[in-house]
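In: Got a predicted structure plus its sequence, pasted below:
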Amino acid sequence: MIEKDFVTEGLKRTKIDEFLESELDRAGYGGMDVQVTPLGTMVVVYAERPGMVIGRGGKTVRTITQTLKNQFGLDNPQVEVKQVDVPELNPRIMASKIANMLQRGMHFRRVAYSNIRRIMGAGAQGVEITISGKIRGSRSAVAKFVEGYIKKCGEPATKYVQEGFATVRLKPGVLGVYVRIMPPEAVLPDKVEILAPKIEETIEEIEEVEESEKVEVSEEVESLEEAEEIDEIEDLEDLEEISEEIEEVEDEEISEDVEEVTESEDAEKVKDSDNE
């Protein structure tokens, strides 16, 4: 059945992963990826120190290739080694480092906090380190150290959060080290980005508003000037009418004075003639 094939394939990959972890523990094993191609099976191994994976003259790689072919039945296996760019963001490497530090006798709190600072300093969004076993005495206990933001459930927890596990044998018993890291490139679905306003459009709008205001102001000024001109014209017309009326009145008064003068002169002449 198809389900049985999936289970068999997953079990085979898990056994290959455990074999590579045991063989490449000193090289800083950081995981593997199996890709089936028409030419064979490509096994990509991620390690902190690729030189130790390859070995002198490629001896270690040839040994691993023969083991994958004979023990696990891979078809024409080809091993490719890749270096881990940032080991502090690989949970499997960090779990093995914590296990080695505990093996040397360092206190678990000091080990946990020092590695948390290293992981957060590398740019991780969050980290959780869990150390379980006989860490304080004869009874088993669990110590959990958390810093930053890390998802615990849902699709983001399975999609983005990377996990690593390692064990260490001490005199009181076996300790388990569990490391979970939220990588810096993880984008959560609840993240909201607020876009900054476009300055160019606002400037154009302001310029358009200013131009429209200028046009309105110029129209108002023109209308005011026209109104003033009309008022001036009306005032001039009124002045002309008034001046004409004044001239008529003055002409009438002058003519009356002239008539009075002529009448008085005629009267004097008549008197003089009578006296003679």
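Out: Thanks, I have the structure now.
In: Give me the mean pLDDT for stretch 90-99.
Out: Averaging pLDDT along stretch 90-99 yields 92.
In: Residues contacting it, please?
Out: Contact with stretch 90-99 is made by 21, 25, 28-31, 46, 48, 84, 87-88, 111-112, 115, 118-119, 129, 131, 162-168, 175, 177-181, as judged by C-beta atoms under 8 Å, 6 or more residues apart in numbering. Just so you know, the C-beta spots here come from the backbone N, C-alpha and C atoms, and that holds for glycine as well.
In: Skip the chain neighbours and tell me the closest residue to K82.
Out: Distances taken as C-beta to C-beta, 6 or more residues apart in numbering place Y46 nearest to K82, at 5.4 Å, with adjacent residues excluded.
In: Ok, G28 next?
Out: The spatially closest residue to G28, leaving aside those adjacent along the chain, is E48, at 2.7 Å (C-beta to C-beta, 6+ apart).
In: Would you agree the one you found is in contact with D25?
Out: No. In this structure E48 lies outside contact range of D25 using C-beta atoms under 8 Å: 11.1 Å.
In: Give me the pLDDT for the residue nearest to K82.
Out: pLDDT recorded at Y46 is 89.
In: Can you classify it as helix, strand or coil?
Out: Under DSSP: H, G, I helix; E, B strand; the rest coil, the three-state class of Y46 is strand.
In: With neighbour numbers in mind, choose between E48 and D25.
Out: Each of E48 and D25 had its neighbours counted (other C-beta atoms under 10 Å), and the higher figure belongs to E48 (20 against 14).
In: just the helices in the stretch 51-200 of the chain please.
Out: 59-70, 91-103, 108-121, 155-159, 199-275 (DSSP state H, counting those that start in this stretch).
In: rank those helices by mean pLDDT and give me the bottom one.
Out: Of all these, mean pLDDT reaches its minimum on helix 199-275 (a mean of 60).
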